[in-house]
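In: Following is a predicted model, sequence given first.
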Amino acid sequence: MQNDLEFAATEVLSNQYVRLEPLGHQHLDDLIAAVSEGDLWRTWYARVPAPESMAAEIDRRLDLQRQGTMAPWSVINPQTNKAVGMTTFMNISAPNRGLEIGSTWLGRSVQGTAVNPAAKLLLLQRAFEDLDCLRVEFRTHWFNHQSRAAIAKLGAKQEAVLRNHQVLPNGTVRDTVIFSLINSDWPAAKVNLEYRLGLCT
């Protein structure tokens, strides 16, 4: 049986649109530049690290990886070899063969491009095909309509809305929308993603 540390292991994952590299401080300058595009960290309904807290955020994620609860990657644009965002496996539960894909943010220059669906394809392949997951969750803020639409386009099903779920740093209260893909959803969701990306053979 696999354990949480195996689920938290990061390896390089890549396709023609994106490369996911194990998160590290070598990505710090790129990530600061990416988050500074349009002051992305000021988005009130998303938790995006500010430039001055980026190093601490990298340390936080790496500490959670050592605990076996998170697998953090930097999202790399292969056209520039620059880090343009972060993504993770989080809330890992290897005994239940489940995890959440979250704590994701992307610089504005790559939002709406193939980068996000291509990254999700890689992450979901690892979850369902390498780790034999039964369930992958996605959670987002009720007001993050862009994220909710992107998750639905993956083929994930909305399961619930947790009302008054979290108090955010700005004092507002978040309603959290929960989506999931289960292992029986994956074959159709995979074909859908490959079709969107022009990767079907």
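Out: It's in.
In: ok, Pro187 - how many residues close by?
Out: The local packing of Pro187 (other Cβ atoms under 10 Å) involves 10 other residues. Bear in mind the C-beta positions are built from the backbone N, C-alpha and C, glycine included.
In: if you average pLDDT over the host helix or strand of it, what comes out?
Out: Pro187 is part of helix 186-197 when elements are defined by DSSP states H and E. Confidence for helix 186-197, expressed as mean pLDDT, is 96.
In: who touches that helix?
Out: Residues external to helix 186-197 that are found in contact with it (Cβ atoms under 8 Å, 6 or more residues apart in numbering): 15, 17, 114, 117-118, 120-121, 124-125, 128, 153-156, 181, 199-200.
In: Pull out the buried residues from that helix.
Out: Trp186, Ala189, Lys190, Asn192, Leu193, Leu197 (16 or more other Cβ atoms under 10 Å).
In: now stretch 109-127
Out: 109-111, 114-127.
In: From those residues, which land in helices?
Out: Members of those lying in helices (criterion: DSSP state H): Val115, Asn116, Pro117, Ala118, Ala119, Lys120, Leu121, Leu122, Leu123, Leu124, Gln125.
In: how would you label the residue lying closest to the fourth one once chain neighbours are set aside: helix, strand or coil?
Out: This points to Ala118. Closest residue to Ala118 apart from its sequence neighbours, by Cβ to Cβ, 6 or more residues apart in numbering: Tyr17 at 3.6 Å. Following DSSP: H, G, I helix; E, B strand; the rest coil, the label given to Tyr17 is coil.
In: since we're on Tyr17, how many residues are nearby?
Out: Neighbours of Tyr17 using other Cβ under 10 Å come to 21.
In: Spit out the contact partners of the closest residue to Leu162 other than its chain neighbours.
Out: Using Cβ to Cβ, 6+ apart and skipping the chain neighbours, the partner closest in space to Leu162 is Thr176 (4.4 Å). By Cβ under 8 Å, 6+ apart, Thr176 lies in contact with Arg139, Thr140, His141, Trp142, Val161, Leu162, His165, Gln166.
In: Could you grab the helix/strand/coil label for the nearest residue to Trp44 once chain neighbours are set aside?
Out: The spatially closest residue to Trp44, leaving aside those adjacent along the chain, is Asn170, at 5.9 Å (Cβ to Cβ, 6+ apart). Three-state assignment for Asn170 (three-state DSSP): coil.
In: I figured Asn170 hits Arg42, correct?
Out: No. If you go by Cβ atoms under 8 Å, Asn170 and Arg42 don't touch, sitting 10.2 Å apart.
In: Neighbour count: these two, which is higher?
Out: Arg42 (10 against 7).
In: Please report how far the more buried one lies from Val167.
Out: For Arg42, the distance to Val167 (Cβ to Cβ, to the nearest Å) stands at 19 Å.
In: Pro51 - how many residues pack around it?
Out: The number of residues near Pro51, taken as other Cβ under 10 Å, comes to 16.
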